[in-house]
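Chemist: Sequence below, structure please.
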Amino acid sequence: MLTIRLARTGAKKRPFFHITVADSRKPRDGRFIERVGYFNPISKGKEVRIEINQDRIDYWLSQGANISDRVLTLIKESNETPEEKEKRVANKEKRRLRKLAKRAEAKTSDEPAKAVQEGEEVSAEEETPAEEAPVEETPAEEAPARRKLQLKKQQKKLHEETSRRSSS
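Modeler: Residues are numbered from 1 along each chain as shown. Sure thing, here's the model as predicted:
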């Protein structure tokens, strides 16, 4: 089975990835059939971050090659228009700001509780505890059973994959 995946190259602490078509049974950085692009995660300035030969990827996909999740996201990222990229970055920034606001709010709600511990008086208006949602706790007996069920599912999936490979 062929896969389109990343092969790591570069020095220590300076990763650089080639996008390769390789047999799925070969090592990550081992022998490959064809290089179809590269990905430089630490590019700076005007350096090209992603270079992909889309025609060759389409060819290998038509030949039945699988594609890794990371390469798929890189392809989507390389096909973005500048407007789409700006929109994605703006949404990411909004999420980051919301997260910071929540942290600040949580920090301010903790301050009245600390003031009481220090012996200062806090008025009833300042101290308004938020209602907490009920948390469902699983008994200790259910945790091993759940883990056992997950292991069985993984083994079944692995068995199905190996049987498909051997029948091919």
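Chemist: which one is the residue nearest the centre of the chain nearest to, not counting chain neighbours?
Modeler: Geometric centre of the chain, nearest residue: Arg70, 8.5 Å, by Cα atoms, centre = their mean. In this structure, Arg70 finds its nearest non-sequential neighbour in Leu6, 6.0 Å apart by Cβ to Cβ, 6 or more residues apart in numbering. Heads up, the C-betas are built off the backbone N, CA and C, glycines and all.
Chemist: Help me confirm that Ala7 is found in a helix?
Modeler: No - under DSSP: H, G, I helix; E, B strand; the rest coil, Ala7 sits outside any helix and is assigned strand.
Chemist: contacting residues around stretch 86-100?
Modeler: The contact list for stretch 86-100 (Cβ atoms under 8 Å, 6 or more residues apart in numbering) reads Glu80.
Chemist: Distance from stretch 55-73 to the middle of the chain?
Modeler: Centroid separation for stretch 55-73 versus its chain: 19 Å, with Cα atoms, centre = their mean, to the nearest Å.
Chemist: helix/strand/coil for Arg31?
Modeler: The three-state label given to Arg31 by three-state DSSP is coil.
Chemist: Quick check, pLDDT for the residue nearest to the centre of the chain.
Modeler: Arg70 carries a pLDDT value of 92.
Chemist: Can you list the buried residues in stretch 150-163?
Modeler: Buried positions in stretch 150-163, judged by neighbour count with 16 or more other Cβ atoms under 10 Å: none.
Chemist: chain center to that stretch: distance?
Modeler: Centre-to-centre, stretch 150-163 and its host chain are 23 Å apart (Cα atoms, centre = their mean).
Chemist: Only alpha carbons, please: show that stretch as PDB.
Modeler: Provided in PDB are the C-alpha atoms of stretch 150-163 (Å, rounded to 0.1, in the frame of the first residue of the first chain):
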ATOM      1  CA  GLN A 150     -11.300   0.200  24.200                       C
ATOM      2  CA  LEU A 151      -8.500  -2.400  23.900                       C
ATOM      3  CA  LYS A 152     -10.900  -4.900  22.400                       C
ATOM      4  CA  LYS A 153     -12.000  -2.400  19.800                       C
ATOM      5  CA  GLN A 154      -8.400  -1.600  18.900                       C
ATOM      6  CA  GLN A 155      -7.500  -5.300  18.600                       C
ATOM      7  CA  LYS A 156     -10.500  -5.900  16.400                       C
ATOM      8  CA  LYS A 157      -9.600  -3.000  14.100                       C
ATOM      9  CA  LEU A 158      -6.000  -4.100  13.900                       C
ATOM     10  CA  HIS A 159      -7.100  -7.700  13.100                       C
ATOM     11  CA  GLU A 160      -9.400  -6.400  10.300                       C
ATOM     12  CA  GLU A 161      -6.500  -4.300   8.800                       C
ATOM     13  CA  THR A 162      -4.100  -7.200   8.800                       C
ATOM     14  CA  SER A 163      -6.700  -9.600   7.300                       C
END
